[in-house]
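Student: Fold the following for me, if possible:
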Amino acid sequence: MKDRLPVIVCLLMVCSPPAATAQEPKAGQPMFERIDAHAHVFQAAPQVYEMLQRLDLRIVNICVVDKYERGYEEADPQHAKALEVFRGSRGRTLWCSTFDPQDWESPGFAERVIVELNKTFQDGAIAAKIYKSIGMELKSKAGRYLMPDDPVFDPILEFIAARNKTLYAHIAEPSAAWRPLDPSSPHYSYYKANPDWHMYLHPERPSKEAILAARDHMVARHPKLRVVGCHLGSMEDDVDEIAKRFDLYPTFVVDTAARVPDLMRQPREKVRMFLIKYQDRVLYATDLVMMPWDNPEEAVKQWEAEYARDWKYFATDEAITYSGHTIGGLALPKSVLRKLYHDNAVRWVPGILGAK
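Tutor: Numbers count the residues shown, from 1 in each chain. Predicted coordinates:
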């Protein structure tokens, strides 16, 4: 989350369709409802509802606790706003709740979280999310870093599975977080602006490899739990690494939220064959954001531009200019496109087709 806005600005300059394109259907556009499986909408804006209706689009509205990000500091206000947006959108913005792991060492932590999540599920949440603070920031009183496979989470994860809900897991970050700032990286602006998450500045914290190993262990320990690895599962550099996890963990999938540019940086044919081979395991997502203080008209333009760019990349063989490079679209088969944009979200996040 959040390391995406500078990338969008760049892409708007080079990839935005003419204004009419966002308004009128175009040859080659999908003839089926699309699902953005990971976005953030915390403004009940009629402009958003109209866009969702016009584009025949659903989203999964993700709540997350990040004390460094304005608007994400606490879970409850996000839950309330997500429920309001859901109702205003006539069911096109399904939502994913979350919890704050800050007091994970306090007595009764798991029991309190289960009560909180159960309330959100009763209110219509179809999934729950855990965040990168687990593994990258939170420490015990004795100085031990909290990892995603810590036993303290076992009752919570078992509860989520028993309720037939899906876990969204934003665990670890792009490899750029552990490297010096690189202006050529899609994640440069985010880590320049967010030193708290730039692990290169915090060498005492766990390595990316250790965090992902703990994430994998968590997935293996809970074989009845569906897990969406957010942001390509933080394995954005090489689809081969994602494929290894798919082969090992049948309940693990990934979304593309804020990582389509990372796919663009890899060899075209390699990415294309990966998406075809694992056509049942990848969910289309953007990580697009609309907060209460955002201008809804400008936000809608931004969203439409990104949706148009991504469709061009996945569905056509047309050239796309990104970060000074020209990339050929993947021209995925229609059956694969439908799974990427719709069927996989329906399968892996039950409840997403609730009544509008």
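
Student: A helix includes Ala210, no?
Tutor: Yes - assessed with DSSP: H, G, I helix; E, B strand; the rest coil, Ala210 lies in a helix.

Student: Tell me which residues touch it, please.
Tutor: Counting by CB atoms under 8 Å, 6 or more residues apart in numbering, Ala210 touches Gly135, Met147. Backbone N, C-alpha and C define where each C-beta goes, glycine included.

Student: can you count the residues close to the nearest residue to Ala125 once chain neighbours are set aside?
Tutor: Nearest residue to Ala125, sequence neighbours excluded (CB to CB, 6 or more residues apart in numbering): Ser97, at 4.0 Å. Ser97 has 29 neighbours, counted by other CB atoms under 10 Å.

Student: so Ser97 touches Gly124, yeah?
Tutor: No - using CB atoms under 8 Å, Ser97 makes no contact with Gly124, being 9.4 Å away.

Student: partner residues bridging the residue nearest to Ala125?
Tutor: When bridges are assigned using DSSP bridges, the partners listed for Ser97 are Ala128.

Student: show me the contacts for it.
Tutor: By CB under 8 Å, 6+ apart, Ser97 lies in contact with Cys63, Ala75, His79, Ala82, Glu116, Leu117, Thr120, Phe121, Ala125, Ala127, Ala128, Lys129.

Student: Now with 7 Å, please.
Tutor: Cys63, His79, Leu117, Thr120, Ala125, Ala128 (CB atoms under 7 Å, 6 or more residues apart in numbering).

Student: residue ranges for the helices of the stretch 151-300 of the chain, please.
Tutor: Ranges of helices in the stretch 151-300 of the chain, per DSSP state H, counting those that start in this stretch, are 154-162, 188-193, 208-221, 230-233, 239-248, 260-264, 268-277, 296-315.

Student: The longest one packs against which elements?
Tutor: By that I understand helix 296-315. helix 5-15, helix 19-23, helix 46-55, helix 260-264, strand 319-322 (3 or more CB pairs under 7 Å, 6 or more residues apart in numbering; DSSP states H and E).

Student: looking at these, which one has the lowest mean pLDDT?
Tutor: Mean pLDDT per stretch puts helix 19-23 lowest among those, at a mean of 37.

Student: returning to what we had before: kindly reformat the contacts of Ser97 as a markdown table and extend each row with secondary structure, pLDDT and distance to Val254.
Tutor: Shown next, in a markdown table, are the contacts of Ser97 (DSSP: H, G, I helix; E, B strand; the rest coil; pLDDT from 0 to 100; distance: CB to CB, whole Å):
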| residue | secondary structure | pLDDT | distance to Val254 |
| --- | --- | --- | --- |
| Cys63 | coil | 98 | 20 |
| His79 | helix | 98 | 25 |
| Leu117 | helix | 98 | 23 |
| Thr120 | helix | 98 | 23 |
| Ala125 | coil | 98 | 21 |
| Ala128 | strand | 98 | 17 |
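
Student: Using a markdown table, lay out those residues together with distance to Leu52 and neighbour count.
Tutor: What follows is these, written out as a markdown table (distance: CB to CB, whole Å; neighbours: other CB atoms under 10 Å):
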| residue | distance to Leu52 | neighbour count |
| --- | --- | --- |
| Cys63 | 18 | 27 |
| His79 | 20 | 20 |
| Leu117 | 26 | 21 |
| Thr120 | 22 | 24 |
| Ala125 | 19 | 26 |
| Ala128 | 23 | 25 |
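
Student: Out of those residues, which is nearest to Lys312?
Tutor: Sorting the contacts of Ser97 by distance to Lys312 puts Cys63 at the head of the list, at 30.2 Å, by CB to CB.
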